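> Next come a sequence and a model predicted from it.
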Amino acid sequence: NISFNGTLTSQSYTNFPEPVNAGQYATLFREAQINSGIPENQTKFSEEDIAKYFAGNDPQYPSTNWYDEIMKKSALQQQYNLTIRGGTDVVKYYTFLGYLSQDGMFKGGNTGYRRFNVRSNLDVNLTSDLTFSLDLSAIKDDVRQSNRPASEEWFWMDFFDSTPTSHASFPDPTKVPHIGPGPFNAIINTHEDLGGYDKTYKNTLNGAFTVNYKVHPVPGLSAKLKLNYQQVSYDRKNWTKQNDIWDYDYATDTYTLYGKSMPTSLKQEFHKNQVITGQFSLNYDRVINKDHAINGLALVEIIDYNNGNFSAYRENYVTSAIDQLFAGGTINQQANGSASVSGRASFVARANYAYQGKYLLEATARYDGSPNFPKDKRWGFFPAVSGGWRVSEEPFLKKTGIFHNLKLRASYGQFGNDRVAAFQYLSGYKYNSGSVIGGNYQSGITDTGMANPNITWETATNMDFGLDFGILGGKLSGELTYFYKKTRDILLPRSA
């Protein structure tokens with residue numbers, strides 16, 4: 001079975017502020033200056049200037065609509081998916097291929113998004129008792145945006161600071177017009193060849209292998225082994241190119257350098273996060289004599305975490321033609337990186353019993369190990385028990401037809417929390433700001449503070465009693481709950 005579908009979508013803004021034209025802008029600017037006490041003959045725009053902006057027949061007095069110059073009316077989004085599935089009673093397979101492309105809304109073409117994803121599932125029945133499955137997936141995301149991303153307020157400040165009395169271009173197309181205050185510029189921000197870019201390449205990999213086995217000597221018993229691998233990595237590159245910004249006099253055909261945009265620089269970073277999970281469980285599920293439903297689980301889980309990152313920065317580029325770190329200057333260069341490893345283990349048990357679907361009982365227990373605590377306080381035991389009585393299933397109430405559902409329930413349990421920074425039970429040192437010694441900067445270290453060898457699990461004890469009801473055939477339902485929670489060994493820093 002093969003299927004394919006594709007979509008083409010035109011996207012646009014639902015609403016956008018309508019900018020004033022140059023004549024209106026100059027009029028309002030002049031009024032503001034006069035109201036602030038500036039004499040009329042000293043305002044930036046005279047009455048004659050305003051008339052020329054409204055007339056629009058003098059190239060020295062333009063009226064630029066920056067929405068039309070910078071923004072598109074619409075942008076294209078396209079998506080294509082291919083699915084292949086099939087198999088037999090023994091082997092079943094599924095494959096998915098997807099592609100998504102979304103253009104940005106800026107004419108400069110330096111914004112957009114692309115995603116490639118693939119998924120493959122394979123299920124095999126080796127015997128009537130033994131099965132395994134293999135699930136693999138990969139996603140590649142490419143994000144292109146301005147080196148001052150449109151998701152940040154500064155980008156839009158640059159856009160709305162662009163004055164309609166400024167030129168969008170000059171007779172010499174290689175010169176960037178001065179269109180607003182400061183070194184930033186909406187033209188530069190939206191054109192990769194002028195201002196640079198901010199590109200992120202993200203890769204996500206997932207793999208899961210599962211084996212299920214029915215233990216026939218014990219009816220209702222099965223074993224399950226699951227291994228899962230996940231890796232997320234991304235490479236980000238922020239390239240800023242410096243430009244000369246110009247003013248131009250049409251009468252004298254003269255260009256005057258107004259200033260420069262931000263200096264050419266490159267920041268590059270790479271992050272990689274990896275999680276490996278292993279689970280083994282025994283499951284028991286059986287109904288005895290139609291009245292007794294028994295379900296149980298015993299599970300062991302081990303998780304390994306491995307994270308790493310690095311970043312580098314250089315400026316003082318001789319040329320903006322090479323967007324690589326080696327081409328930058330060594331003054332003010334930066335390099336940084338870090339890594340972390342962690343893991344945890346858990347033992348879980350659960351037992352459920354139901355008699356005729358009316359009397360319900362569940363007991364659970366967890367034994368969790370956390371690397372955030374010292375060895376003698378690393379493990380925590382957290383039991384819980386709950387019960388319920390479906391009164392609406394009793395014959396004396398069922399025959400009345402009043403209650404669609406009526407259930408009494410109660411539970412009691414303990415839960416653990418280890419969400420604190422690791423290694424607080426150790427004393428040591430960490431890197432900190434340094435000092436200049438003998439004319440040279442020397443890195444410094446500082447102690448990590450007083451160790452806490454007694455840190456351990458925060459434990460919350462929960463208890464609740466409740467009533468669930470439904471009447472009028474389930475059209476009206478509700479619940480009443482009394483809840484009590486007490487937390488001990490709360491993991492908080494001292495306030496004094």
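Looks like it came in fine. Numbering: from 1, shown residues only.
> Show me the shaky parts of this structure.
Scanning the chain for pLDDT under 70 picks out 494-496.
> which residue packs closest to Ala150, ignoring adjacent ones?
Closest residue to Ala150 apart from its sequence neighbours, by C-beta to C-beta, 6 or more residues apart in numbering: Thr111 at 6.6 Å. C-betas here are computed from N, CA, C, even on glycine.
> Ala422 now?
If the residues on either side of it in the chain are set aside, Ala422 comes closest to Asn372, at 4.8 Å by C-beta to C-beta, 6+ apart.
> For that neighbour, give its distance to Gln414.
18 Å (C-beta to C-beta, to the nearest Å).
> follow-up on the earlier one: just to check, the residue nearest to Ala150 is in contact with Gly104?
Yes: Thr111 is within contact range of Gly104, at 2.7 Å (criterion: C-beta atoms under 8 Å).
> Pull up the overlap in contacts between the two.
Arg144, Gln145, Ala150 (C-beta atoms under 8 Å, 6 or more residues apart in numbering).
> Pick the one among those closest to Asn203.
Arg144 (16.1 Å; C-beta to C-beta).
> Roughly how far does Asp129 sit from Leu221?
Separation of Asp129 from Leu221 (C-beta to C-beta): 11 Å.
> Identify the contacts common to those two.
Common contacts of Asp129 and Leu221 (C-beta under 8 Å, 6+ apart): Lys214.
> Name the residue in the two with the higher neighbour count.
A count of neighbours by other C-beta atoms under 10 Å puts Leu221 above the other of Asp129 and Leu221, at 16 against 12.
> helices and strands around the helix or strand where Arg30 lies, which ones?
Using DSSP states H and E, Arg30 maps to helix 22-35. Helix 22-35 makes packing contacts with helix 47-55 when contacts are defined by 3 or more C-beta pairs under 8 Å, 6 or more residues apart in numbering; DSSP states H and E.
> List the buried residues for the helix it packs on?
Asp49, Ile50, Lys52, Tyr53 (16 or more other C-beta atoms under 10 Å).
> Give me the nearest residue to the second one, chain neighbours excluded.
In this structure, Ile50 finds its nearest non-sequential neighbour in Ala26, 4.7 Å apart by C-beta to C-beta, 6+ apart.
> Could you list the residues in contact with stretch 350-366?
By C-beta under 8 Å, 6+ apart, stretch 350-366 touches 291-297, 346-349, 380-390, 393-394, 413, 416.
> Sorry, slip of the keys, the one I care about is stretch 118-131.
Outside stretch 118-131, the residues that touch it by C-beta under 8 Å, 6+ apart are 87, 89-98, 132-138, 211-214, 216.
> try it again with 10 Å
82-85, 87-99, 132-140, 206-216, 222-223 (C-beta atoms under 10 Å, 6 or more residues apart in numbering).
> hey, C-alpha coordinates of it in PDB?
Taking C-alpha atoms only, stretch 118-131 is exported to PDB below (Å, rounded to 0.1, in the frame of the first residue of the first chain):
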ATOM      1  CA  VAL A 118      11.800   9.700   7.800                       C
ATOM      2  CA  ARG A 119      10.300   7.000   9.900                       C
ATOM      3  CA  SER A 120      10.400   3.200   9.600                       C
ATOM      4  CA  ASN A 121       8.600   0.600  11.700                       C
ATOM      5  CA  LEU A 122       9.200  -3.200  11.500                       C
ATOM      6  CA  ASP A 123       7.100  -5.800  13.400                       C
ATOM      7  CA  VAL A 124       8.100  -9.400  13.300                       C
ATOM      8  CA  ASN A 125       6.300 -12.400  14.800                       C
ATOM      9  CA  LEU A 126       9.100 -15.000  15.200                       C
ATOM     10  CA  THR A 127       6.700 -17.400  16.900                       C
ATOM     11  CA  SER A 128       3.300 -17.300  18.400                       C
ATOM     12  CA  ASP A 129       5.000 -16.400  21.700                       C
ATOM     13  CA  LEU A 130       8.000 -14.300  20.600                       C
ATOM     14  CA  THR A 131       7.800 -10.900  18.800                       C
END
